[in-house]
Structure formats: structure tokens, C-alpha cells
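S.K.: The sequence and its predicted three-dimensional model are supplied below.
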Amino acid sequence: MLKSVYALVGNDVFLHLEKLAQILRSAHADAQRIDVDGLTVGIGDLLDELRSFAMFSTHKLVVVREADDFISKYRETLEQYVAKPSSSSTLVLRVTSLPKNQRIYKLITDTGEVCDCNAPKDPTAWIVQHARTVHALTVGPDIARVLFNLLGNDLGRLDNELAKLALHAKGPLNAATIQSTVSFQRDQEMWHLTDAIGAGNVTEAIHRWRHLVQLDASTEYRAITWLTIWLEKVRKALAMRRRGIKDFIIAKDLKIWPREQQQPFFHTAAALGETGAARLINLLADIDHRSKSGLGDMAANVERFLLAVR
């Protein structure tokens, strides 16, 4: 059942997106989703949005990105709303942290839900459960440990590899099977593609995208997730820089690696700026909708997105 308020708390982008998708599935099919930027939206505009009726649906779902500073700035007014939220809207606050000793934390748990979106340091148990519940794949603790040793606790990458294993693995999984899959080669194509985008090399990104689609046709169905995670990192990096956080700390928190890709990533993020990143997020959402509605080929639509990064 959809609740009135959610707080998605943590620094793992994949978990944020996964929980947001669960919330959207709980909403009515005609629910109107509205995304706002916590760095720019005012409390008055947000409350007007939450309290007004949706034009073409019975319910609104208002998502506030980068809401940490927003909560600090408008704490008292926001607490008043959370204590008595609108029955025709759902508020989703996406934050990096929300201490349990704050009054707003308790108010949210009273009327809604606080969701932990921090990646576990050792995701072995998460891998086992996620493989079973999301990908219908049986992965034992020993195989989960192999995956963890190869990829660390980047849940987005882990989810991607589990999806590929579910599609292509034949017979019982073992370490040799995992090591031999294409995506576990030293040069992992999709991550090189996002590296190319991050470095501002769109031509190289398109070349790698075409190669990747030829290599594995199922890749196009995972592209939206990969590109969304990249854009989320761009937005977070820009917000953290604005707060005066050093680049090396941002790179560590956002898991931007290898080291030689960090400065090209920051250069591209700065060139895009918040306006450019917002434009690309809207374009990506449109591409996802069009592709799922039969309006164009997914692979071609993704290539159109890559060209728009220029």
C-alpha cells in the first residue's frame, strides 16, 4: 500500500532507483509523477504541488532529489507537513543521510517509511537474495563471494552481471563460468562506454555502444539503468562540489574509478552543469517511455541520447 511520505536515505544510487521503482509500482496506474530539485525548489512551491489535485489522475507522487539541504532549510515547515500529509499525494525525499535522532525522522516513520539505501560493505547476502527474487537465479554464498571479489559493493554493476548470468548461464554456476563471461573480462565494455561519456568523448561512446549491442543484444534493455546511474553521479558530484567537498572525497563516495577517469568525469560534469544534467535526465526518461511504447528501436534511441551529450 502506498504511503504518504518516504525518505530514501543513503549513497547508493542503484538502491535509490530500485526503491523508487517499488514505490511507483505501488501507486495507481494513472498516478502523476513530478520530480523537483531540492537545491532549487522552494517550500511553498512544493507544498502547493503536494496539496493541489492532479489534473489527469487521482494521485500525485512528488520526488525531491538532493533533499539534504532542503530539509535543513525548511525543517520546521516540512515537519508540519509530514505530521499531517495530504491524502492525495505521496512525498519522496531522496537524501544522503537522515539521523534517527532528528524529529523529522520520527515523523516520517509515523506517517510513512524511511528506506535504507546504503550499500552493505559486504553484499554477499544481498547478492544471494537479489539473484533469487529479481532474476530467478540461484546463487550460493560461495558464488556470491566470487562476484563480490570481482566487483566490490557496487550494486548497480552486481545487478547487471546477475541479469546477464540469468540470461546466458547454462547449468550450475561456478567460479569458472563467471570468470569466462564477456562482462567479466578486464575491459568491461559498458563501463568503458560510460567512461567515454564522462570524458566527453561521444564518438568513442557511440562506437562502444554499437559494439556492445552486437556483442550482446540484451544490453539495450539495461542501458537506461546504466545511463541513469551515470547521470545521478553527475548530479551528486555537482551538488557536492557546490557544498565545497573535495574532488577526491566525491570520487570515493560516488565510486568513480579508475583514478585516471576521475578528472575527465569532473570536467564533463562541470561542462554539463545542473541544467544540462536535468535536460539529459528528461531526455532519458522520454527515450525509456518511447522505447517501451514501441516508438522507435531501443538501441537507436540510446544512440540518440549519446549524441545529445555533446
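M.R.: Happy to help now that I have it.
S.K.: Tell me the helices and strands packed up against the helix or strand where residue 302 lies.
M.R.: Residue 302 belongs to helix 298-308 when assigned by DSSP states H and E. Counting contacts by 3 or more C-beta pairs under 8 Å, 6 or more residues apart in numbering; DSSP states H and E, helix 298-308 is packed against helix 202-215, helix 223-242, helix 262-292. Any C-beta I mention is one placed from the backbone N, CA and C, and that applies to glycine too.
S.K.: Nearest to residue 61, out of those?
M.R.: Closest approach to residue 61 among those is made by helix 262-292 (14.0 Å; C-beta to C-beta).
S.K.: where does the stretch 1-150 of the chain dip in pLDDT?
M.R.: Within the stretch 1-150 of the chain, not a single segment meets pLDDT under 70.
S.K.: try the stretch 151-300 of the chain
M.R.: Checking the stretch 151-300 of the chain against pLDDT under 70 turns up 170-171, 176-177, 179-189, 215-218, 221.
S.K.: and with 80 instead?
M.R.: 151-152, 164, 167-192, 195, 198, 212, 214-222, 225, 257-258, 288-296 (pLDDT under 80).
S.K.: show me where the stretch 1-150 of the chain has strands.
M.R.: Using DSSP state E, counting those that start in this stretch, the strands found in the stretch 1-150 of the chain span residues 5-9, 32-37, 60-65, 89-95, 113-116.
S.K.: Can you tell me which of those is nearest to residue 305?
M.R.: strand 32-37 (17.7 Å).
S.K.: What angle do helix 262-292 and the closest one make with each other?
M.R.: With axes from the mean of the first three to the mean of the last three C-alpha atoms, to 10 degrees defining the directions, strand 32-37 sits at 170 degrees from helix 262-292.
S.K.: for strand 32-37, packing partners?
M.R.: helix 43-51, strand 60-65.
S.K.: Give me the contact list for it.
M.R.: 24, 45-46, 49, 54-57, 59-66, 274, 278 (C-beta atoms under 8 Å, 6 or more residues apart in numbering).
S.K.: Go again with 10 Å.
M.R.: 20, 23-24, 27, 42, 45-46, 49-50, 53-67, 70, 89-90, 92, 94, 235, 239, 274, 277-278, 281-282, 285 (C-beta atoms under 10 Å, 6 or more residues apart in numbering).
S.K.: Then stretch 83-90?
M.R.: Here stretch 83-90 has contacts from 2-6, 23-24, 26-27, 31-34, 47, 49-54, 57-63, 91, 103-104, 107-108, 110-112, using C-beta under 10 Å, 6+ apart.
S.K.: residues near residue 283, how many?
M.R.: 17 (other C-beta atoms under 10 Å).
S.K.: from memory it sits against residue 228, does it?
M.R.: No: using C-beta atoms under 10 Å, residue 283 is not in contact with residue 228; the gap is 11.5 Å.
S.K.: Show me this structure divided up by domain.
M.R.: Residue ranges for the domains of the chain, per automatic domain parsing: 5-116, 124-186, 190-308.
S.K.: re earlier: in PyMOL, how would I select the buried members of the contacts of stretch 83-90?
M.R.: A single PyMOL command selects the buried members of these (16 or more other C-beta atoms under 10 Å):
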select buried, resi 4+5+6+23+27+31+32+33+47+49+50+54+57+59+60+61+62+63+91+104+107+108+112
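S.K.: For residue 128, see how far away residue 141 is.
M.R.: Distance, residue 141 to residue 128, by C-beta to C-beta, to the nearest Å: 6 Å.
S.K.: okay, those two: which has more neighbours?
M.R.: Taking neighbours as other C-beta under 10 Å, residue 141 and residue 128 compare with residue 128 leading, 19 against 10.
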